[in-house]
Structure formats: C-alpha cells, structure tokens
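J.: after the sequence you'll find the predicted model.
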Amino acid sequence: MPVPSRIETLGVVGAGQMGAGIAQVAAVTGHRVVVYDVSLEMARQGIDKIGAQLARQVANGKMEASAREAALSRLVAADGVGALAEADLVIEAATEREDVKRRIFQQVCPVLRPDAILATNTSSISITRLASGTDRPERFLGIHFMNPVPVMKLVELVRGIATDDDVFETAKSFAAGLGKTLTVSEDFPGFIVNRVLVPMINEAIYTLHEGVGTIESIDASMRLGANHPMGPFQLADFIGLDTCLAIMQVLHDGLADSKYRPCPLLVKYVEAGWLGRKTGRGFYDYRVDPPKPTR
Ligand SMILES: CC(=O)CC(=O)SCCNC(=O)CCNC(=O)[C@H](O)C(C)(C)COP(=O)(O)OP(=O)(O)OC[C@H]1O[C@@H](n2cnc3c(N)ncnc32)[C@H](O)[C@@H]1OP(=O)(O)O
Ligand SMILES: NC(=O)C1=CN([C@@H]2O[C@H](COP(=O)(O)OP(=O)(O)OC[C@H]3O[C@@H](n4cnc5c(N)ncnc54)[C@H](OP(=O)(O)O)[C@@H]3O)[C@@H](O)[C@H]2O)C=CC1
C-alpha cells in the first residue's frame, strides 16, 4: 500500500510541552493539526498555549497577526480518538512511559487510515519494541524533536527494524518542511542526543549529591565554563525531571551498564512530584522570581 507522499493532516497525541510545540510548528508551516490528549479540555489547553506563544511573536514583530490567526485556524482539539482518522501522520508525544505509549497505540491504531504513518517522539525507548505493539511496524518510526520545538533546529529520525524506506523518506520531507535539520540515529537507548546529554545531567546531579558544588555553582560553571545556554539543573527542570529519570532508566536497563545508574537524588525529586518547571518546582522553585535553588 502506498504511503502518503505529503503530510497534509497531522495528528498529535499528548498536548504537553512537546506535543504543543510540534503542533505549533506544523500549524505555522501550513499543516492541519488534530491535537488529542486525555480529554478535550487538555487538548484545548495545549492549543491555548500555542495561541499565547504565537501572540508573543506577533507582539515582538516576528509574525503577522493574520499568520497567527491562520495557524490557529488549522488547529483542532480532538473530542475523542476518532478525530485522528483523517491524519496522514500521527506523532505520539505523551508521557515517557512505555506502558502509556503502548496503550495509546492500541487505542489509536484501529481508527487510523490503513496507509497512515505512526511516529513517536520518545526520548529514549526502543522504536522497534514500540513498533511491535502496533498494527503497522513498517509504517512506524521515531521522529524526535528537541525542546523547545519552535526554537531548536534538530530533529533526530530513528527507524525501527521494520520501517519501510518510503515511510522514512516521507518523514524526512515532512521534518525538513518544518524547517528542521535532520540527523539519523540507529535504534539504541537514548538515540544520539540523550545518550550524551542526559548522563551529563545525571552526573551534574551526582556532583550536587556528593557536595562538590551547589545547584547554582554547577549551573554557573557549565554556562560560563562550557558555554551551555542553560546549566544542567536549569535544563533538567526545563526537560522535566520525570522525563530525565525515565531516560536514565531506559539507558540503565537497555545498556546494562552501572555508569547509567540514575542518581538517587533525581529519584527523590521525582518521588516528591518536584518535576521541574511544569510542576512549579524542581531543582529550582519557580513560584518565586527569580527562581530559588531548592537545596
Ligand atoms: C529530552 C529530549 O528528548 C531532547 C531534548 O529536547 S534535550 C533539550 C534540548 N534543549 C536545550 O538544550 C535548550 C537549551 N537552552 C536554550 O537553547 C536556550 O536557553 C533557549 C532557546 C531555551 C532560550 O534562549 P534564551 O536566549 O535564554 O531565551 P530567550 O531570549 O527568552 O528566547 C530566545 C527565543 O526562544 C524562544 N523561546 C524561549 N523559550 C521558548 C519556549 N519554551 N517555547 C517556545 N519558544 C521559546 C523565545 O520566544 C525567543 O524567540 P525569538 O528570538 O523569536 O524572540
Ligand atoms: N521534555 C523534553 O525536553 C522532551 C521530551 N520528549 C518526549 O516527548 C514526550 C512528551 O514529553 P513532554 O511533552 O515533555 O511531557 P509532558 O508531561 O509535558 O506532556 C505529556 C502529555 O501527554 C499526556 N498524556 C499522558 N497520557 C496520555 C494518554 N493516554 N493519551 C493522550 N495523552 C496523554 C499528558 O497528559 P497528563 O498531564 O494529563 O498526564 C501530557 O499532556 C515524551 O516521550 C518525552 O520523552 C522529547 C524531546 C524533548
């Protein structure tokens, strides 16, 4: 069966920071986008965030008001999974948990067009393993965007063992059409970016845990000493500590090497529900301005 040669309608599952970012970029570049989350209300909240983000661009003179209106008119909040039936491509961007993603694929696959492509924005989980839980492993791949999606230039593409070449080519043209630069990663835990980046963050947390430095001194050291735009704790809070921990667990389990052991302090923060910016508190407390280190 031929694959859609062009992606006109995109479905996005999960309207959190990544799903909303993907939906925003796709709508701005002329795609119709159906946004699905656990409820219509959550999907609407994601679209409201996009509206606010685009309003800032209009206020800064970076976008015409008419272009904002046009982008918003292309965004639809799904009132149920059935709304994904019209999509040429669906990108899953829900919580970084394999059980959650598998359950989503079980719900979504029966409503998809038989020729539709299914992709995941997973940060670390095996594409081949996720594909095996769908009805279309040959039409399944990883399209891994970086956070914040509208700003970051990279998209990592990852094929599973069964991904068809023409599916991969369609995904490449789609991502290039969003203005992104592509790299291709083999399907191993964490792919390229997170195999390198998240152990660095985990090491920064060990550095704190062992008393080598404070949150602020470690962040300042990496910002000023390594020219990173954010220190590792600012970045961890920005990514989400639950996501950072999930990635470390995938690296630890998948590569069976103790060097990927998640720092117990990271585990403690996640257990406390201090997940970073999205919950108002992580390694920094964002309920005060400027954000205050939490240890
Ligand atoms: C976990 C994974 O699976 C993979 C990952 O994504 S790992 C995370 C990768 N991301 C990073 O490493 C981000 C590192 N940080 C940065 O690059 C920068 O700090 C940053 C781009 C986030 C902000 O840059 P900054 O210069 O400090 O801030 P600021 O001047 O406010 O913003 C610069 C631009 O980004 C935009 N921006 C900032 N945060 C944004 C957000 N959350 N969403 C959308 N746009 C955003 C701003 O609107 C601004 O755009 P304009 O230039 O058009 O006005
Ligand atoms: N954060 C980052 O920097 C990056 C993350 N990623 C990956 O993108 C994905 C999403 O991450 P991110 O946006 O940060 O996470 P968020 O926690 O911000 O968003 C996840 C969203 O998925 C929703 N969700 C959970 N379960 C379901 C479900 N069964 N059906 C539909 N929606 C559901 C959540 O709803 P609710 O809140 O109600 O649970 C939430 O709105 C993860 O796989 C992550 O690894 C990739 C690149 C960068």
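T.: Looks like it came in fine. Numbers count the residues shown, from 1 in each chain. Ligands and ions are numbered 1, 2, ... in the order given.

J.: is ligand 2 within reach of the helix or strand where V167 lies?
T.: Per DSSP states H and E: V167 is located in helix 165-177. No: Helix 165-177 does not reach ligand 2 (CB under 6 Å from any ligand atom); its nearest approach is 13.6 Å. All C-beta spots, glycine's among them, are computed from the backbone N, C-alpha and C.

J.: could you do stretch 91-106 as well?
T.: Yes: taking CB under 6 Å from any ligand atom as the criterion, stretch 91-106 and ligand 2 are in contact, through A93, A94, T95, E96, V100, I104.

J.: equivalent analysis for stretch 16-29, please.
T.: Yes: for stretch 16-29, a contact with ligand 2 is found by CB under 6 Å from any ligand atom, at G16, Q17, M18, G19.

J.: give me the number of residues near E203?
T.: As a burial measure, E203 scores 14 neighbours (other CB atoms under 10 Å).

J.: who's in contact with it?
T.: Applying CB atoms under 8 Å, 6 or more residues apart in numbering to E203 gives no contacts.

J.: now it: how far from ligand 2?
T.: Remark: distance between E203 and ligand 2 (CB to the nearest ligand atom, to the nearest Å) = 18 Å.

J.: secondary structure element for that residue?
T.: Going by DSSP H and E, E203 is in helix 193-209.

J.: also V76?
T.: In this assignment (DSSP H and E), V76 forms part of strand 75-77.

J.: who in the stretch 101-250 of the chain is up against ligand 2?
T.: Residues of the stretch 101-250 of the chain found near ligand 2 (CB under 6 Å from any ligand atom) are I104, N121, T122, S123, F145, M146, N147, I239, G240, T243.

J.: hmm, who's touching the helix holding V167?
T.: Taking CB under 8 Å, 6+ apart as the rule, helix 165-177 contacts 2-7, 29, 89, 117, 119, 138-141, 143, 155, 157, 159, 182.

J.: list the buried ones in it?
T.: Using 16 or more other CB atoms under 10 Å as the burial criterion, the residues of helix 165-177 that qualify are V167, F168, T170, A171, K172, F174, A175.

J.: ditto for stretch 204-221
T.: Neighbour-count burial for stretch 204-221, counted by 16+ other CB under 10 Å, picks out A204, I205, T207, L208, I215, I218, D219, S221.

J.: got the end-to-end distance for it?
T.: In stretch 204-221, first residue to last residue: 11 Å (CA to CA, to the nearest Å).
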